[in-house]
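Participant: Provided below are the primary sequence and the corresponding predicted coordinates.
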Amino acid sequence: MNEAMGEEPRSGDILEENRLLRHELERLVRTAAANEKIWRHMVEIERVLFRTREFDRLASELLKEIRARFDVDGVALIITHPDVVDRFFPQLLNGGGCRSLLNDGGTCILALTGPPTRRELLEKVAEPVLFQDGEALRALLAHVPSLSEGFCPIGSAALVPLTIHDLSYGFLLLACSDPDHYRPGDGTELLAQMGVKIALCMDNCLAYERVKDLSDRDAPTGLLNFFQIHNVLEREFRRARRLGTALSLLAVDLEFVDEGAEHEDMVDPVLRHVGELLRKTFPDGDGFIGRYGSVEFLVVCPYADEKEAHKLAVELHELIRRSPLRHRRTVILIKPRIGTATLTPAMHKPHELLDAAHKALCLLKTSQGFPRPLTEPVGQASPQER
């Protein structure tokens with residue numbers, strides 16, 4: 001107004017304005033320096049993140065790095081992705097426990113995979129949230145396993161979602177006893193970037209494990225080999241026990257003449273033939289098929305109870321029996337025996353389910369004996385037609 005009236009601004013006003021500008025400039029410089037420090041720390045953390053694909057081994061080192069570089073008293077990794085828990089941290093679910101302390105109590109890993117708690121937390125925290133009140137954080141994490149025992153006192157905290165491609169892997173909790181370390185209203189862009197990078201690492205680790213599962217195939221059949229079908233059985237066993245769902249196992253043993261025309265080795269052709277029949281019976285998603293022995297297959301059937309397993313075994317038995325392998329002018333008849341087993345509450349290890357399936361298979365062999373396999377030329381009349 002003074003300027004509009006032609007009056008010169010007073011020197012006191014100019015000094016006050018300069019003081020405020022200088023104060024704001026100093027604040028911006030401090031913020032820029034702090035951000036630069038955090039950025040350098042994030043570069044070091046990235047080196048930890050992307051040098052391994054085994055996330056279970058990486059986690060403890062990562063959390064210790066974050067705790068030291070961000071100058072906080074405690075760091076917790078809260079995992080909400082069931083596949084990450086099943087693959088890398090199955091011990092978190094043993095005996096119903098959901099917590100694993102990694103060192104002196106300043107870092108820990110928690111599993112939170114069951115609805116509706118997981119869903120509610122994901123809906124509430126889509127971006128990093130800063131807390132200057134430990135009670136507010138505890139209220140938000142009311143259904144998360146307690147952080148009070150062995151974890152640092154929480155005066156202020158940052159809760160960072162670990163999300164990439166709209167897929168959530170969990171949260172990173174940075175806690176400090178100082179109530180002024182994190183203040184609502186402070187910038188969270190760098191924390192959000194760190195959350196994306198950790199989620200990307202978890203995604204890469206999980207994808208790497210899936211590729212390993214699919215890479216080791218049985219050469220003659222293209223099915224999962226002995227080791228991989230064991231891995232699948234262990235994974236599905238843990239999942240079924242955790243979720244309380246059904247799980248069945250089929251052990252398929254074959255009996256056939258291993259020589260066709262001109263004494264040619266027919267084992268691999270028969271295995272490939274039966275492998276294709278198994279694929280037709282169990283398309284992708286309905287079961288996992290692997291070659292277990294020389295002429296034995298295992299079929300892992302998630303969500304199949306005892307009645308469904310028996311029905312599948314009968315259908316598969318008839319399909320194989322009625323689908324001989326035709327090779328040149330020879331028909332090779334294949335006799336399958338299929339032992340089935342279903343998960344029960346008394347089973348605590350995957351091998352117990354496998355043993356039950358093999359026991360059922362052995363009982364079939366004992367009761368039915370070993371009839372001599374048959375071959376017959378194509379076009380030759382059967383004994384009933386003669």
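Facilitator: Perfect, I can see it now.
Participant: Distance check, the nearest residue to residue 235 once chain neighbours are set aside against residue 357.
Facilitator: Spatial nearest neighbour of residue 235, excluding adjacent residues (C-beta to C-beta, 6 or more residues apart in numbering): residue 86 at 5.9 Å. C-beta here means a position set from N, CA and C on the backbone, and glycine is covered the same way. Residue 86 sits 22 Å away from residue 357, going by C-beta to C-beta, to the nearest Å.
Participant: again with residue 237
Facilitator: 12 Å.
Participant: rewinding a little: per-residue confidence averaged over the helix or strand harbouring the residue nearest to residue 235?
Facilitator: Using DSSP states H and E, residue 86 sits in helix 82-88. Mean pLDDT, computed over helix 82-88, is 84.
Participant: ok now it, how far from the chain's centre?
Facilitator: On the basis of C-alpha atoms, centre = their mean, to the nearest Å, helix 82-88 sits 4 Å off its chain's mean C-alpha point.
Participant: For residue 136, see how far away the closest residue to residue 173 other than its chain neighbours is.
Facilitator: Nearest in space to residue 173, with sequence neighbours left out and distances taken as C-beta to C-beta, 6+ apart, is residue 76 at 4.1 Å. The gap separating residue 76 from residue 136 is 16 Å, by C-beta to C-beta.
Participant: Disregarding flanking residues, what is the spatial nearest neighbour of the residue nearest the centre of the chain?
Facilitator: Closest residue to the average C-alpha location of the chain: residue 83 at 1.9 Å, with C-alpha atoms, centre = their mean. Of all residues not flanking residue 83 in the chain, residue 206 sits nearest, at 5.9 Å (C-beta to C-beta, 6+ apart).
Participant: Tell me the bridge partners for the residue nearest to residue 173.
Facilitator: Per DSSP bridges, the residues bridged to residue 76 are residue 108, residue 173.
Participant: still on that earlier bit, from residue 233, how far off is the residue nearest to the centre of the chain?
Facilitator: Remark: distance between residue 83 and residue 233 (C-beta to C-beta) = 16 Å.
Participant: what do you get for residue 283?
Facilitator: From residue 283 to residue 233 the distance is 19 Å (C-beta to C-beta).
Participant: and the two? which has more neighbours close in?
Facilitator: Legend: neighbour count by other C-beta atoms under 10 Å for residue 283 and residue 233, higher for residue 233 (23 against 8).
Participant: Where does that one sit, in terms of helix or strand?
Facilitator: Counting by DSSP H and E, residue 233 is found in helix 226-243.
Participant: Flag every buried residue along that helix.
Facilitator: By neighbour count on 16 or more other C-beta atoms under 10 Å, the buried set for helix 226-243 is 228-242.
Participant: can you check stretch 361-369 too?
Facilitator: residue 361.
Participant: Tell me which residues are up against that stretch.
Facilitator: 251, 253, 337, 338, 339 (C-beta atoms under 8 Å, 6 or more residues apart in numbering).
Participant: Switch those over to JSON lines; also include secondary structure and neighbour count.
Facilitator: Formatted as JSON lines, those follow (DSSP: H, G, I helix; E, B strand; the rest coil; neighbours: other C-beta atoms under 10 Å):
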{"residue": "251", "secondary structure": "strand", "neighbour count": "25"}
{"residue": "253", "secondary structure": "strand", "neighbour count": "20"}
{"residue": "337", "secondary structure": "strand", "neighbour count": "21"}
{"residue": "338", "secondary structure": "strand", "neighbour count": "22"}
{"residue": "339", "secondary structure": "strand", "neighbour count": "21"}
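Participant: Looking at those, which one is closest to residue 290?
Facilitator: Distance to residue 290 across these (C-beta to C-beta) is lowest for residue 251, with 11.0 Å.
Participant: Hmm, the closest one is touching residue 298, no?
Facilitator: Yes. Checked against C-beta atoms under 8 Å, the pair residue 251 and residue 298 is within contact range at 6.0 Å.
Participant: any shared contact partners between the two?
Facilitator: With C-beta under 8 Å, 6+ apart as the test, residue 251 and residue 298 both reach 292, 354, 357.
Participant: From the residues you listed, which land in helices?
Facilitator: Members of the shared contacts of residue 251 and residue 298 lying in helices (criterion: DSSP state H): 354, 357.
Participant: What ranges in the stretch 51-200 of the chain fall below the confidence cut-off?
Facilitator: Applying pLDDT under 70 to the stretch 51-200 of the chain picks out residues 51-53, 93-105, 114-118, 143-150.
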